[in-house]
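*Asks:* below is the sequence, then the predicted model.
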Amino acid sequence: MFESILKEIKPTKKEEEELNSKVAIFLRSLNDNLKEGKIVVGGSFAKGTWLRGQHDLDIFVQYPNEEKISDKLETAIKKTFRKYQRIHGSRDYFIIEFEKIIFEVIPVLKIKSSIEAKNITDISPLHVEWVNKNLSDKMKDDVRIAKQFSKANKFYGAETFIKGLHGYVLEILIYHYGSFLNMVKNVSKWRENMLINFGKNEFYSEQHFPLVLIDPVNPKRNATASLSEEKLNLFIKTCKDFNKNKSLKYFKEQKINEKKYNLIIEAEPLEGSRDVAGTKILKVHEYIEHKLKNEGYEIKNTEFEFKEKGKVYFNIKNKKLPKYKKHYGPPITMKEGLENFKKKYGKYKTEKGKAYVMLINKNNKLEEYIKKIIKDEEVKTRVKKIKILKM
């Protein structure tokens, strides 16, 4: 089974050679204009755990001290590439598209130990060293299988709009359990508030985490800090299901069936980091859902996905609401509040101890209301463009 999966997801020799060639040109070009700083390739490409067709690369430029390192790096990038984006964060980094590859170029401190880190990204090159030192080629292939398993079942990605597992977590788990099958077997038995440790490291945090997986490079850090309880439970359940029925279906990504939905909205993200852009579109999804429910529309099912663009899917039972709706006021025991309600709305009725009046429902037609919602500031400020694809 796993041989056939690897044939689908492992980069071919040709793909590897082509990518290596393009990366070498990129690095040579940047290095020619770099006055100080040492370039180190990072991420799954450097670890040998990347998947076929996944051509997003992390490039770290190590500096001896933290003084204006983002500005120093930008000077070199500006001389080398015509177009780039500077992404603002705890330490600014850069996104460059070169030969159809997205490079994230990140300035970091050159450190030998996680204790010396001033920013979380400083530790990333140490993660690459740890993986290459501790994982065999067979284990790296099992990481690829674990990634495909996680992607297909929608719990892969540490971005805020996903809150799932990321590559380094799967690399640690494969190392800890020895293989993909053994990982699945053990994850099926996980209980609440699991702690996975290496050695006798002490971990303390005031924050509650559904899972604590000690980072072997930085024992004070929980590698699964961004994992939500929902995605953890989905991971455990999927492992249990796979244990009962070891089928290839668990490795095949399912496209969302658009026929199941009667409202589909597409949003073009704002420029910037994928994490921030995706999170803003997720907020748009949540805002639209809240507005629809608040107005009385019954949502049978909803989904959200973000690739190059974001898509929001709704299956709404009632496309038209009654002409009048109940508007509730205060409990009838609150005399002052009740008097104010009466002044504003006049005669009222009571139901379950609360006052209410019947008001005209100005938003009783879904088609008109959704067009109004997507023009709201809460939507417009979070996306570049938004349009209704299906109504």
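*Replies:* Now that the structure is in, tell me what you want to look at. Numbering: from 1, shown residues only.

*Asks:* for I281, what is the enclosing helix or strand?
*Replies:* helix 274-295 (DSSP states H and E).

*Asks:* pLDDT of that helix, averaged?
*Replies:* Taken as a whole, helix 274-295 has a mean pLDDT of 94.

*Asks:* list the buried residues for that helix?
*Replies:* Residues 274-285, 287-289, 291-292, 295 are the ones in helix 274-295 that count as buried (16 or more other C-beta atoms under 10 Å). Heads up, the C-betas are built off the backbone N, CA and C, glycines and all.

*Asks:* what's in contact with the helix or strand following it?
*Replies:* Sequence-wise, the next helix or strand downstream of helix 274-295 (DSSP H and E) is strand 299-306. Residues from elsewhere that reach strand 299-306 (C-beta atoms under 8 Å, 6 or more residues apart in numbering): 161, 256, 260-261, 269, 277-278, 281-282, 285, 289, 292-293, 310-317.

*Asks:* below-threshold pLDDT in this protein: ranges please.
*Replies:* For the chain, the stretches with pLDDT under 70 are 200.

*Asks:* so it: which segments form each domain?
*Replies:* Domain assignment for the chain, taken from automatic domain parsing, gives 2-120, 137-251, 258-320+364-390, 324-360.

*Asks:* tabulate the ones you listed (a markdown table), appending distance to E129.
*Replies:* Converted to a markdown table, the domains of the chain look like this (distance: least, C-beta to C-beta, whole Å):
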| stretch | distance to E129 |
| --- | --- |
| domain 2-120 | 9 |
| domain 137-251 | 8 |
| domain 258-320+364-390 | 25 |
| domain 324-360 | 61 |
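
*Asks:* what about those domains, which gets the closest to H127?
*Replies:* Nearest to H127, of all these, is domain 137-251, at 5.6 Å by C-beta to C-beta.

*Asks:* straight-line length of the closest one, end to end?
*Replies:* One end of domain 137-251 sits 21 Å from the other (C-alpha to C-alpha, to the nearest Å).

*Asks:* repeat that for stretch 361-380.
*Replies:* Start-to-end, stretch 361-380 (C-alpha to C-alpha) is 25 Å.

*Asks:* name the element E129 belongs to?
*Replies:* Using DSSP H and E, E129 sits in helix 124-134.

*Asks:* hey, what's I299 bridged with?
*Replies:* Beta-bridge partners of I299, counted by DSSP bridges, are I316.

*Asks:* and for K320?
*Replies:* For K320, the beta-bridge partners are K365 (DSSP bridges).

*Asks:* ok, it to N364 distance?
*Replies:* 6 Å (C-beta to C-beta, to the nearest Å).

*Asks:* so for these two, which residue has more residues nearby?
*Replies:* Applying other C-beta atoms under 10 Å to K320 and N364 shows that N364 carries more neighbours, namely 19 against 11.

*Asks:* what's near enough to touch the more buried one?
*Replies:* Shown in contact with N364 (C-beta under 8 Å, 6+ apart): K320, L321, P322, K323, K325.

*Asks:* bridged to the last one, which residues?
*Replies:* Counting by DSSP bridges, K325 is bridged to L359.

*Asks:* give me the contacts around the helix or strand A76 falls within.
*Replies:* In this assignment (DSSP H and E), A76 forms part of helix 69-80. With C-beta under 8 Å, 6+ apart as the contact definition, helix 69-80 has outside contacts at 29-30, 32-37, 61, 63, 84, 86, 91-94, 96, 105, 107-109.
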